[in-house]
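**Student:** give me a 3D structure for the following:
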Amino acid sequence: MITDPIFDGLEPQPVWRHFAHLCAIPRPSKHEAALRRELMAWAKARGIPAREDSAGNLILNKPASPGREAAPGIVLQGHLDMVCQKHSAHAHDCFTDPIRPERENGWLLARHTTLGADNGIGVALALAALEDEALAHGPLEVLLTVDEEAGMSGARGLAAGTLAGRYLLNLDTEEWGQFYLGCAGGVDVLARLPSPASPAPAGWVGLEVRLDGLTGGHSGVDIHTNRANAIRLLLAVLLELGLPYRFGIAELRGGSVRNALPRFARAHVLMPALQRAAFLHALQRLEARLQHQYRATDPHLALVATPSAEPAPMEMIAAGAWRRLALALLTAPYGVAAMSQEFPGVVETSNNLGTLHVMPGHSEAGLLVRSLKNAARDALAHRIAAHFQAAGGSASLAGAYPAWEPQPDAALLARCQAVYRDLYGKPAGLQVIHAGLECGLIAHSHPHLQMLSFGPDIRGAHAPGERVDIASVGRCWQLLTALLDRLSQPERSAA
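**Tutor:** Numbering: from 1, shown residues only. Reported below is the predicted structural model:
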């Protein structure tokens, strides 16, 4: 039962009821156990067979409607976890606190955190289909994976033969009116860079420099938007200030997850006390310049510094070593590396610098390379690794997952287009997405499956302010129920 009045009156009510329940249960990546227990209990209470596999995924089954037992099996697929991001000043614990949605001009949004519409709406659609006894459908399976946002370990661990269906509908894309036929693969690059410790000179004082308020966003879908990357921007600021001023870095942190554009970065800077006032004035001038430069993409950018209340650290990274480290990070490939020739306007290959932790003696950066082509993904990842090795560091590659290659001639697409055309008077657009869907990994363990993805309009995924268009959720439900009905009927002749 929905208790949050923000959901009152929203249709389709069963879908929003499930999404309201998801908002109430924290579910960051790798912490889906509480939600999994809730869903297992929900399924048991309704007589829906449900099981957990060795990777932590949930698989739920619903028998075919009477007379449709021989129809091709359908798999509905989404992921349980969400990217947890919040504005720095907002008090929210993603491990214990519920999401607090709001409604605004036809959208449901979380103003200061991520909403979890990615992929909570897809999960809610699948659960609503399971419990709706009026739906006509063939044998139905629902696959709800874990850890999609932080490594895809759920899809990676899906054992061959787990799914019996012939068709899979992935409910994890974010543009209504489009059928997605392919997605980028990805690989993580973990770079370690030399940051030799040096004693802090006697009498030096500390200053906390913070770059915050950036827009952020999805590291695949938004990589081409020219939004500022807080890590790279703060590195550039400190490099510029390193010319007229003498200082060392005691620590620098930026970003929180490798698949989001970093919205914040902070540095603990040590310098002579007599220099601090001039340094602060220089930062103010730089803030004004950056606010003008990024006024269109990052209107809330703030670059501020405050004297540290803590005693100055005993160690720092000396100026020369710090400069070499910063240059290595700033000269590494970043952003869009290539655009797709097959799908105009779609990024083919890219890289995001998502996390950085610099401290005396140990510095580590997390990057995520994406590509619609596996060979291009690997080539860019190895190029980045070689770049950091040439800079005196090391790099390792992990968590590779394959691109999902389009199959535009598949029977599933033709049948889904026919349904879409009957409902809306025109075919759906056909697209690929520069983001990681689990279809590539699922296809690896279940090569017989034909797959297609669709979803509602979601904006700002992976960043605070994430929102979903309410009306498009209703259209997704209309399309999903029509597809389940039509795909369980004999194929129409092409007369």
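
**Student:** which stretches of the stretch 1-150 of the chain have low pLDDT?
**Tutor:** Within the stretch 1-150 of the chain, the segments meeting pLDDT under 70 span 1-3.

**Student:** which stretches of the stretch 351-495 of the chain have low pLDDT?
**Tutor:** In the stretch 351-495 of the chain, residues with pLDDT under 70: 492-495.

**Student:** where exactly do the strands run in it?
**Tutor:** Ranges of strands in the stretch 351-495 of the chain, per DSSP state E, counting those that start in this stretch, are 362-371, 394-401, 429-433, 450-453, 458-459, 467-469.

**Student:** distance to Asn351 and mean neighbour count added to those, as a markdown table?
**Tutor:** Placement of C-beta: from N, CA and C, glycine included. Output for the strands of the stretch 351-495 of the chain, formatted as a markdown table (distance: least, Cβ to Cβ, whole Å; neighbours: other Cβ atoms under 10 Å):
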| stretch | distance to Asn351 | mean neighbour count |
| --- | --- | --- |
| strand 362-371 | 5 | 23 |
| strand 394-401 | 12 | 16 |
| strand 429-433 | 17 | 19 |
| strand 450-453 | 24 | 23 |
| strand 458-459 | 23 | 22 |
| strand 467-469 | 27 | 23 |
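
**Student:** Glu251 is nearest to which of those strands?
**Tutor:** strand 362-371 (9.9 Å; Cβ to Cβ).

**Student:** which positions in stretch 446-466 come out as buried?
**Tutor:** Residues of stretch 446-466 classed as buried by neighbour count (16 or more other Cβ atoms under 10 Å): 446, 449-466.

**Student:** look at Pro98 and say how many residues are nearby.
**Tutor:** By other Cβ atoms under 10 Å, 14 other residues sit near Pro98.

**Student:** ok, now the one 10 residues further on?
**Tutor:** A count of nearby residues for Leu108, using other Cβ under 10 Å, gives 23.

**Student:** counting contacts, what elements does the helix or strand in which it is found pack onto?
**Tutor:** Here Leu108 sits within strand 107-109, counting by DSSP states H and E. When contacts are defined as 3 or more Cβ pairs under 8 Å, 6 or more residues apart in numbering; DSSP states H and E, strand 107-109 packs onto strand 102-104, strand 467-469.

**Student:** distance to Tyr420 for the ones you listed - can I get that in a markdown table?
**Tutor:** What follows is the helices and strands packed on strand 107-109, written out as a markdown table (distance: least, Cβ to Cβ, whole Å):
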| stretch | distance to Tyr420 |
| --- | --- |
| strand 102-104 | 28 |
| strand 467-469 | 18 |
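
**Student:** how confident was the prediction at the closest residue to Ser198 other than its chain neighbours?
**Tutor:** Excluding the flanking residues, the one nearest Ser198 by Cβ to Cβ, 6 or more residues apart in numbering is Ala318, at 4.0 Å. Per-residue pLDDT puts Ala318 at 83.

**Student:** what of Ala305?
**Tutor:** 95.

**Student:** Provide the secondary structure category for it.
**Tutor:** Using DSSP: H, G, I helix; E, B strand; the rest coil, the secondary structure recorded for Ala305 is strand.

**Student:** tell me if I'm right that it and Leu280 touch.
**Tutor:** Yes. In this structure, Ala305 is within contact of Leu280 by Cβ atoms under 8 Å, at 5.7 Å.

**Student:** who has more neighbours, the two?
**Tutor:** Ala305 (18 against 15).

**Student:** beta partners of that one?
**Tutor:** Judged by DSSP bridges, the bridge partners of Ala305 are Val209.

**Student:** separation between it and Arg285?
**Tutor:** 12 Å (Cβ to Cβ, to the nearest Å).

**Student:** again, but for Val358
**Tutor:** 25 Å.

**Student:** so between those two, which is more surrounded?
**Tutor:** Higher neighbour count among Val358 and Arg285: Val358, with 25 against 10, using other Cβ under 10 Å.

**Student:** OK, contacts around the more buried one?
**Tutor:** 193, 195, 249, 251-253, 317, 325 (Cβ atoms under 8 Å, 6 or more residues apart in numbering).

**Student:** hmm, 7 Å instead?
**Tutor:** Val358 makes contacts with 195, 249, 251-252, 325, as judged by Cβ atoms under 7 Å, 6 or more residues apart in numbering.

**Student:** so which of these belong to strands?
**Tutor:** 249, 251-252 (DSSP state E).

**Student:** closest one of these to Asp222?
**Tutor:** Distances from Asp222 to those, taken by Cβ to Cβ, are shortest for Leu252, at 23.6 Å.

**Student:** just checking, the closest one touches Val269?
**Tutor:** No. Between Leu252 and Val269 there is no contact, the gap being 8.8 Å when judged by Cβ atoms under 7 Å.

**Student:** in the protein, which spans are helices?
**Tutor:** Using DSSP state H, the helices of the chain run over residues 13-24, 33-45, 117-131, 153-156, 230-241, 276-293, 319-331, 374-390, 411-424, 439-445, 470-487.

**Student:** would CSV of these with distance to Asp212 be doable?
**Tutor:** Shown next, in CSV, are the helices of the chain (distance: least, Cβ to Cβ, whole Å):
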stretch, distance to Asp212
helix 13-24, 26
helix 33-45, 30
helix 117-131, 23
helix 153-156, 31
helix 230-241, 7
helix 276-293, 11
helix 319-331, 19
helix 374-390, 27
helix 411-424, 43
helix 439-445, 35
helix 470-487, 31
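
**Student:** what's the most buried one of the ones you listed?
**Tutor:** Sort those by mean neighbour count, taking mean count of other Cβ atoms under 10 Å, and helix 117-131 sits at the top with a mean of 26.

**Student:** which strands and helices sit next to that one?
**Tutor:** For helix 117-131, the packing partners by 3 or more Cβ pairs under 7 Å, 6 or more residues apart in numbering; DSSP states H and E come out as helix 13-24, strand 74-79, strand 140-145, helix 470-487.

**Student:** between these, which one is nearest to Pro5?
**Tutor:** helix 13-24 (10.3 Å).

**Student:** can you state the direction angle for the closest one and helix 117-131?
**Tutor:** 130 degrees (axes from the mean of the first three to the mean of the last three Cα atoms, to 10 degrees).

**Student:** residues near Glu405, how many?
**Tutor:** 16.

**Student:** nope, His31 is what I was after
**Tutor:** His31: 17 neighbours (other Cβ under 10 Å).

**Student:** and the nearest residue to Arg68 once chain neighbours are set aside, what does it touch?
**Tutor:** Of all residues not flanking Arg68 in the chain, Ser488 sits nearest, at 4.3 Å (Cβ to Cβ, 6+ apart). Each residue near Ser488 by Cβ under 7 Å, 6+ apart is listed here: 64, 68, 71, 136-138.
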